[in-house]
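A.B. asks: Sequence first, predicted coordinates after that:
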Amino acid sequence: MRLDIVSIFPEYFAPLDVSLIGKARERGTLDVRVHQLRDWTHDVHKTVDDTPYGGGPGMVMKPEVWGEAIDAVIGDGAPRMIVPTPSGRPFTQELAQELAGEPWLLFACGRYEGIDSRVMAEYGARLRVDEVSIGDYVLAGGEVAVLVMVEAIGRLLPGVLGNAQSAVDDSFAPGSMRNLVEGPVYTKPPVWRGHEVPAVLLSGHHGKVARWRRDEALRRTMRNRPELVAALDPETLDKHDRRLLEELSFRVGPEDMAN
Ligand code: JCZ
């Protein structure tokens, strides 16, 4: 997969030289190219921003420099273009999986109050362009959002994770703990500073371990993400699940306790 990133702060992307993503780049699985937007300015001050039409605070990134940068980066090609913004569509595990199937992604990192919207209109007529939000908080620019997305996408590429199971076994990945967050995890030693590993995990009883893990996932989802419990399909809950959720005082829906 090829990734192009355009930013006025290319130094932000130093983390892509290390760990999983760095190794994937060394192997050639990932071809990451980071570009300095200011390379496509023409004035001595390398200006990338101007005052907003209609007034208001802050500055807006000028369309001309973005146009020259993107034209140069894409050539005759047609990558999928991603523009981080707090007003974009949510970045989810599902979108990460979709993007992991693309051969070429172009990330455009805004700063200030964002990029003149005509840039997205122009390339939206030539490329698939998505404005994407990584969460409901406001960053100072798109760079950190791109790091988040590249890590989430990169670890899904064939051969990037050491253990191929790890990627399909995550909290939000289809076919694993579906719509629940993961429960707690433990390793050796069996007692640490007086805290014991739950005995069931040492029992060797796989059925009981699975049941306990599901209970813990339900408890933790109820505590931290009650909206996920509310959205569960009751058909995916067995009698034991329903009893536990009752204990946690959650009403489960039309199904009765006879199942
Ligand atoms: C440019 N401020 C780009 C994205 N989810 C999320 N939060 N904040 C952003 C973001 C903020 C920005 C810019 C200037 C993205």
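C.D. replies: That came in fine, so what should we check first?

A.B. asks: residues making contact with stretch 125-138?
C.D. replies: The contact list for stretch 125-138, computed with C-beta atoms under 8 Å, 6 or more residues apart in numbering, reads 74, 78-91, 95, 106, 120, 123, 145, 148-149. Where you see a C-beta, it was placed from the backbone N, CA and C, and this is true even at glycine.

A.B. asks: what do you get if the cut-off is 6 Å, keeping everything else the same?
C.D. replies: Residues from elsewhere that reach stretch 125-138 (C-beta atoms under 6 Å, 6 or more residues apart in numbering): 78, 80-86, 88-91, 120, 123, 145, 148.

A.B. asks: can you check stretch 180-199 too?
C.D. replies: The contact list for stretch 180-199, computed with C-beta under 6 Å, 6+ apart, reads Ser171, Arg213, Glu216, Ala217, Arg220, Thr221, Arg225.

A.B. asks: Close to the ligand: what parts of the stretch 101-250 of the chain are there?
C.D. replies: Residues of the stretch 101-250 of the chain lying near the ligand by C-beta under 6 Å from any ligand atom: 110-111, 114, 133-135, 137-142, 145.

A.B. asks: got the residue ranges for the helices in the stretch 51-200 of the chain?
C.D. replies: Remark: helices assigned in the stretch 51-200 of the chain by DSSP state H, counting those that start in this stretch are 63-74, 93-100, 118-124, 143-154, 164-168.

A.B. asks: Tabulate those helices in a markdown table, adding columns for mean neighbour count and mean pLDDT.
C.D. replies: Output for those, formatted as a markdown table (neighbours: other C-beta atoms under 10 Å; pLDDT from 0 to 100):
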| stretch | mean neighbour count | mean pLDDT |
| --- | --- | --- |
| helix 63-74 | 18 | 99 |
| helix 93-100 | 16 | 98 |
| helix 118-124 | 18 | 99 |
| helix 143-154 | 21 | 98 |
| helix 164-168 | 12 | 59 |
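
A.B. asks: before we move on, back to that, filter the contacts of stretch 125-138 down to the buried ones, ChimeraX style.
C.D. replies: A single ChimeraX command selects the buried members of the contacts of stretch 125-138 (16 or more other C-beta atoms under 10 Å):
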select :80,81,82,83,84,85,88,91,120,123,145,148
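
A.B. asks: Quickly check the residues of the stretch 101-250 of the chain next to the ligand for the two that are furthest apart.
C.D. replies: Taking C-beta to C-beta as the measure, these span a maximum distance of 18.3 Å, between Arg111 and Gly135.

A.B. asks: ok, the spatially closest residue to Val129 that is not a sequence neighbour - contacts?
C.D. replies: What sits nearest to Val129 in space, not counting adjacent residues and going by C-beta to C-beta, 6 or more residues apart in numbering, is Met81, at 4.5 Å. By C-beta under 6 Å, 6+ apart, Met81 lies in contact with Leu106, Tyr123, Leu127, Val129.
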